[in-house]
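# fold the following, please.
(one chain, ligands or ions: 1)
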Amino acid sequence: MITCENLVKIYKTNEIEVMALQGLNLHVKQGEMMAIIGNSGSGKSTLLNMLGGLDRPSAGRLAINGIDMLKLTDQELSRYKRETVGFVWQNKARNLIPYLTARENVEIPMLLHDRKKKRERAAGLLEAVGLGHRIHNRLEELSGGEQQRVAIAISLANRPKLLLADEPTGALDTRTSAQVMELLRRLNAELGLTIVIVTHDLDLAKQVERVVEIRDGRTSSEMIRRADEMESVEMYAGDGESGDTHIEYAVMDRAGRIQVPEHYLEAVGAKNADKVLLRLEDDKIVLLPARREHPGEM
Ligand SMILES: Nc1ncnc2c1ncn2[C@@H]1O[C@H](COP(=O)(O)OP(=O)(O)OP(=O)(O)O)[C@@H](O)[C@H]1O
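Sure thing, here's the model as predicted:
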């Protein structure tokens, strides 16, 4: 569904250039529900904007649902935004109009011309997100969780193939956010909708099978939910990982480059080192701080 290869995004402001994506690789399968995490400034929103067709990549390859996103004309890009992709934002002002009813809100983005069909479909979508009893309520009369469910109904208005959710539960309490996540899971299972969720919250992210971490505009690690057949891998999962729901892998690019997690480097005293010693031991690759081997050189 999504293929990002070596994706680069450079923002130019005055004389300054910011490289928000620095050769990012990501593959998302059709029908997958996955999460992207990363610190503030790591490039999550930039990536989401590229996936949503809200902005264009500077270089690299981005194909979504068979569409080459770097080759689209402005007209084709608008069509992509209307027909292929749906958005759910944390910021309600971006999704909803408070003085309109739930149903009117859902009708706004619909491409259907027939008013009756529009109404029926809006009511059907609200029903699908568990708000059949709230269709005539104004948005401002609904709770935060209900409003976010209306936002999800809106995002489905034009039958998108890909749903992009930016901190979809950011403004909600734990219980309500669990309900919203449950709804997304159901839509994923029942409609086969591909869902990409961006969040700061690792616990929330771990509610899905696969979590990809972005660091400095690149994918750095990937967490995949544990399964019994992964027993052999668990041997290498390392300290502190036991009892965890996911196994963390470092992402390796075609040239064999990986980003070693900061806390691993810190643990062996190699955080600020500019080189490390690599050694092949039986079937393992061991990484050692350089100074242990060559104290005289440090
Ligand atoms: N329109 C823009 N113009 C210039 N620089 C930008 C623009 N948008 C983002 N950046 C820069 O690109 C980098 C990545 O930003 P981005 O918003 O994608 O990060 P993020 O991971 O979504 O952060 P947050 O979690 O805080 O939203 C940052 O250094 C940011 O300052």
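
# helix or strand right after the helix or strand of the chain with the lowest mean pLDDT?
Evaluated with mean pLDDT, DSSP states H and E, the helix-and-strand set of the chain has its lowest mean pLDDT in helix 231-234, which scores a mean of 52. Proceeding C-terminally, helix 231-234 gives way to strand 246-250 as the next helix or strand, assigned by DSSP states H and E.

# in its sheet, which strands sit next to that next one, and in what direction?
For strand 246-250, sheet partners with direction are given as strand 218-225 (antiparallel), following DSSP bridges.

# contacts for the partner strand next, please.
21-26, 43, 205-206, 208-214, 245-251, 259, 261 (Cβ atoms under 8 Å, 6 or more residues apart in numbering). (C-beta placed from N, C-alpha, C; glycine too.)

# cutoff 6 Å now
By Cβ atoms under 6 Å, 6 or more residues apart in numbering, the surrounding residues in contact with strand 218-225 are 22, 24-26, 209-213, 246-251, 259.

# in ChimeraX, select just the buried ones from those.
Selection of buried members from the contacts of strand 218-225 for ChimeraX, criterion 16 or more other Cβ atoms under 10 Å:
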select :22,24,25,26,210,211,212,213,246,247,251,259
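
# just the closest of the contacts of strand 218-225 to the ligand, please.
residue 22 (10.0 Å; Cβ to the nearest ligand atom).

# up against the ligand, what does the protein have?
Listed as neighbours of the ligand in the chain under the rule Cβ under 6 Å from any ligand atom: 11, 13, 18, 20, 38, 40-46.

# now with 8 Å?
By Cβ under 8 Å from any ligand atom, the part of the chain that sits against the ligand consists of 9, 11-13, 18-21, 38-49, 198, 200, 214, 217.

# what's the helix or strand for the residue nearest to residue 144 when sequence neighbours are not counted?
Distances taken as Cβ to Cβ, 6 or more residues apart in numbering place residue 172 nearest to residue 144, at 5.4 Å, with adjacent residues excluded. Assigned by DSSP H and E, residue 172 belongs to no helix or strand.

# what pLDDT does residue 172 get?
pLDDT for residue 172: 81.

# ramachandran coordinates for the residue in the stretch 151-298 of the chain positioned nearest to the ligand?
Closest residue of the stretch 151-298 of the chain to the ligand, Cβ to the nearest ligand atom: residue 200 (6.1 Å). With angles defined as degrees, to the nearest 10, residue 200 sits at phi -90, psi -20.

# what about it, how many neighbours?
Residue 200 sits with 13 neighbouring residues when counted by other Cβ atoms under 10 Å.

# again with residue 159
Residue 159 is surrounded by 12 other residues when neighbours are defined as other Cβ under 10 Å.

# which of the three states applies to it?
With DSSP: H, G, I helix; E, B strand; the rest coil as the basis, the three-state label of residue 159 is coil.

# for it, phi and psi?
Torsion angles at residue 159 (phi, psi; degrees, to the nearest 10) stand at phi 50, psi 60.

# pLDDT at it, what is it?
Among the per-residue scores, residue 159 shows a pLDDT of 91.

# now the stretch 101-250 of the chain, which segments are flagged as low pLDDT?
Counting by pLDDT under 70, the stretch 101-250 of the chain contains low-confidence ranges at 228-243.

# any chance you could map the helices in it?
102-107, 115-128, 144-155, 174-191, 202-205, 231-234 (DSSP state H, counting those that start in this stretch).

# columns mean neighbour count on top of those helices, output as CSV?
Output for the helices of the stretch 101-250 of the chain, formatted as CSV (neighbours: other Cβ atoms under 10 Å):
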stretch, mean neighbour count
helix 102-107, 24
helix 115-128, 17
helix 144-155, 24
helix 174-191, 16
helix 202-205, 16
helix 231-234, 11
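
# same list (those helices) but as JSON lines, adding distance to residue 66.
Formatted as JSON lines, these follow (distance: least, Cβ to Cβ, whole Å):
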{"stretch": "helix 102-107", "distance to residue 66": "28"}
{"stretch": "helix 115-128", "distance to residue 66": "26"}
{"stretch": "helix 144-155", "distance to residue 66": "21"}
{"stretch": "helix 174-191", "distance to residue 66": "19"}
{"stretch": "helix 202-205", "distance to residue 66": "28"}
{"stretch": "helix 231-234", "distance to residue 66": "33"}
